[in-house]
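Undergrad: Return atomic coordinates for the entry below.
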Amino acid sequence: MALKGFWDRLRGRGSPEEGPQTPAPDPEPPIPPPAIPIQPDVNAPPPYEAPAAPVHVPAAPVPTVEPPPAEAAPRDDAAALREALADSVPEAGPEQKGGWFARLKAGLSRSTAKLTDAITTVFRKRRLDDEALEELEETLIAADLGLSAAQRIVEGFRKTRFGKEVTDEEVKAALADSIAEILAPVAQPLAIEPARAPHVVLVVGVNGTGKTTTIAKLGQQYRRQGLKVMFAAGDTFRAAAVEQLQIWGDRTGCPVVAPAKMGADAAGLAHDALARAKAEGMDVLLIDTAGRLHNKAALMEELRKVVRVIRRLDETAPHSVLLTLDATTGQNALSQVKVFRDMVEVSGLAVTKLDGSAKGGVVVALAQEFGLPVHVVGVGEKADDLRPFTARDFARGLVGLD
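TA: Numbering: from 1, shown residues only. Okay, here's the model as predicted:
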């Protein structure tokens, strides 16, 4: 019994003598202490935020890259140049109907239209008074004949036709005569003197005026006359100029003295060319030159050096200094003459590309301003399209008369 009572007390049931035990009431919940406001800690790190779920953006489609085309095998520069020049061979073409004058007149057609359209408008049937003469002078200046030549022509009209009624055709005929009078003193061929063999022609001019093709055409023409001709590729800084002259040499049968490397001394090359021309019994040596007018001082020194060096072999050389002028430049041709006359003793002019210009009247301005011989004019790509200059033909072609 004692042991049972012990276990009952241990289990909380009390002793049998105490009777049943009343269960203890549930304890009351504790009263919470009053809330104390907590100040935020400004130095505390920000609360942790779970990263936002990534937004899925569909990738842009990858463009299909076409494989690059296979590169063509590199072409030889000379071969490319030959192909580029295939349509400009300085060979004799079939004689056109009417001969040279027909080609000259056709080549001057743009210049003619510029001049004669205005004359026809002004002089249908009109008295040649002061107003008409003023309009004529403006027309001539606009046609690139220059102020001096225009004033000379108008003064001639004033003396011979003032106060008379004239038609446009009468004005054209009188104008052709006045222009021919200005041009006649300068119409002189480039004469080759056999006693000087080789006759040295130094060809100068701005790049792009046609120096190299003029050399080729002259060489072809001299060859037809039975002369032995040599070319010297003196524009040593332009590979294209050297290669072009070599191509022309192959086609015309003229040997070419070319630099061993680009940028070689032009004066030294000219000296070697003259020595070789003498040794091989050439009749004519045509020397190409640089035309880098943007560096006037350097070009001037180079040309003067060429002249000094070739005079060591022939104190009279060069026997001709031919300045090529592009007719499409109009009045700018006059400034080019002034510049090159300061560099070398220009002895004559070659006026090229008259067929591509409406400014053929500049030839009249050149004659009036400088009085330099105009040896040849060019109206096309073939050798026969470069011919000796004749005053009457040019004057009548310019005003559209036959």
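
Undergrad: give me phi/psi at the most centrally placed residue in the chain?
TA: In the chain, the centroid-proximal residue (Cα atoms, centre = their mean) is Gly208; its distance is 7.3 Å. Dihedral pair for Gly208: phi 100, psi 0, per degrees, to the nearest 10.

Undergrad: tell me the contacts of the closest residue to it other than its chain neighbours?
TA: Of all residues not flanking Gly208 in the chain, Asp326 sits nearest, at 6.7 Å (Cβ to Cβ, 6 or more residues apart in numbering). Bear in mind the C-beta positions are built from the backbone N, C-alpha and C, glycine included. Residues in contact with Asp326 (Cβ atoms under 8 Å, 6 or more residues apart in numbering) are Val206, Gly208, Thr209, Gly210, Ala333, Thr352, Lys353.

Undergrad: and those residues, which of them are in helices?
TA: Ala333 (DSSP state H).

Undergrad: now the contacts of Asp326 in JSON lines, with distance to Thr160 and pLDDT?
TA: Formatted as JSON lines, these follow (distance: Cβ to Cβ, whole Å; pLDDT from 0 to 100):
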{"residue": "Val206", "distance to Thr160": "40", "pLDDT": "92"}
{"residue": "Gly208", "distance to Thr160": "42", "pLDDT": "88"}
{"residue": "Thr209", "distance to Thr160": "38", "pLDDT": "91"}
{"residue": "Gly210", "distance to Thr160": "39", "pLDDT": "90"}
{"residue": "Ala333", "distance to Thr160": "30", "pLDDT": "92"}
{"residue": "Thr352", "distance to Thr160": "35", "pLDDT": "93"}
{"residue": "Lys353", "distance to Thr160": "35", "pLDDT": "90"}
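
Undergrad: mind listing what Ser347 touches?
TA: So Ser347 contacts Ser320, Val321, Leu322, Leu372, Pro373 (Cβ under 8 Å, 6+ apart).

Undergrad: ranges for the strands of the stretch 101-250 of the chain?
TA: Using DSSP state E, counting those that start in this stretch, the strands of the stretch 101-250 of the chain run over residues 126-127, 165-166, 199-204, 229-232.

Undergrad: So which elements touch the first one?
TA: In this case it means strand 126-127. In terms of contacts (3 or more Cβ pairs under 8 Å, 6 or more residues apart in numbering; DSSP states H and E), strand 126-127 is packed against strand 165-166.

Undergrad: swap in the third one?
TA: Counting contacts by 3+ Cβ pairs under 8 Å, 6+ apart, strand 199-204 packs against helix 211-224, strand 284-287, helix 296-310, strand 320-326.

Undergrad: now the longest one and strand 199-204, what's the angle there?
TA: Following axes from the mean of the first three to the mean of the last three Cα atoms, to 10 degrees, one obtains 170 degrees for the angle between helix 296-310 and strand 199-204.

Undergrad: How about residues contacting helix 296-310?
TA: Residues contacting helix 296-310 (Cβ under 8 Å, 6+ apart): 200, 202, 204, 234, 266-268, 270-271, 274, 287, 289-293, 317-318, 339, 342-344.

Undergrad: Kindly format the C-alpha coordinates of it as PDB.
TA: The C-alpha trace of helix 296-310 is given here as PDB (Å, rounded to 0.1, in the frame of the first residue of the first chain):
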ATOM      1  CA  LYS A 296      53.800  75.000-108.100                       C
ATOM      2  CA  ALA A 297      57.200  75.600-106.500                       C
ATOM      3  CA  ALA A 298      58.300  72.000-106.700                       C
ATOM      4  CA  LEU A 299      57.000  71.600-110.300                       C
ATOM      5  CA  MET A 300      58.800  74.800-111.400                       C
ATOM      6  CA  GLU A 301      62.100  73.500-110.000                       C
ATOM      7  CA  GLU A 302      61.600  70.100-111.600                       C
ATOM      8  CA  LEU A 303      60.900  71.500-115.100                       C
ATOM      9  CA  ARG A 304      63.800  74.000-114.800                       C
ATOM     10  CA  LYS A 305      66.100  71.100-113.800                       C
ATOM     11  CA  VAL A 306      65.000  69.100-116.700                       C
ATOM     12  CA  VAL A 307      66.000  71.900-119.100                       C
ATOM     13  CA  ARG A 308      69.400  72.500-117.300                       C
ATOM     14  CA  VAL A 309      70.300  68.800-117.500                       C
ATOM     15  CA  ILE A 310      69.400  68.100-121.100                       C
END
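
Undergrad: can you pull the buried residues of it?
TA: Leu299, Met300, Glu302, Leu303, Val306, Val307, Val309, Ile310 (16 or more other Cβ atoms under 10 Å).

Undergrad: ranges for the helices of this protein?
TA: 2-11, 77-84, 99-107, 109-122, 130-142, 147-161, 168-183, 211-224, 239-252, 266-279, 296-310, 332-343, 362-370, 391-398.

Undergrad: Let's test this: mean pLDDT of the third one, rounded?
TA: Right, helix 99-107. Averaged across helix 99-107, the pLDDT comes to 81.

Undergrad: any idea of the angle that helix forms with helix 391-398?
TA: Going by the same axes, to 10 degrees, helix 99-107 makes 40 degrees with helix 391-398.

Undergrad: other SSEs contacting helix 99-107?
TA: Taking 3+ Cβ pairs under 8 Å, 6+ apart as the contact cut, helix 99-107 packs with helix 391-398.

Undergrad: Only C-alpha atoms, please: export the helix it packs on in PDB.
TA: Output in PDB follows, covering the C-alpha atoms of helix 391-398 (Å, rounded to 0.1, in the frame of the first residue of the first chain):
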ATOM      1  CA  ALA A 391      42.900  80.100-138.700                       C
ATOM      2  CA  ARG A 392      40.200  80.300-141.400                       C
ATOM      3  CA  ASP A 393      38.900  76.800-140.800                       C
ATOM      4  CA  PHE A 394      38.700  77.300-137.100                       C
ATOM      5  CA  ALA A 395      37.000  80.700-137.400                       C
ATOM      6  CA  ARG A 396      34.300  79.500-139.800                       C
ATOM      7  CA  GLY A 397      33.800  76.200-137.900                       C
ATOM      8  CA  LEU A 398      33.300  78.300-134.700                       C
END
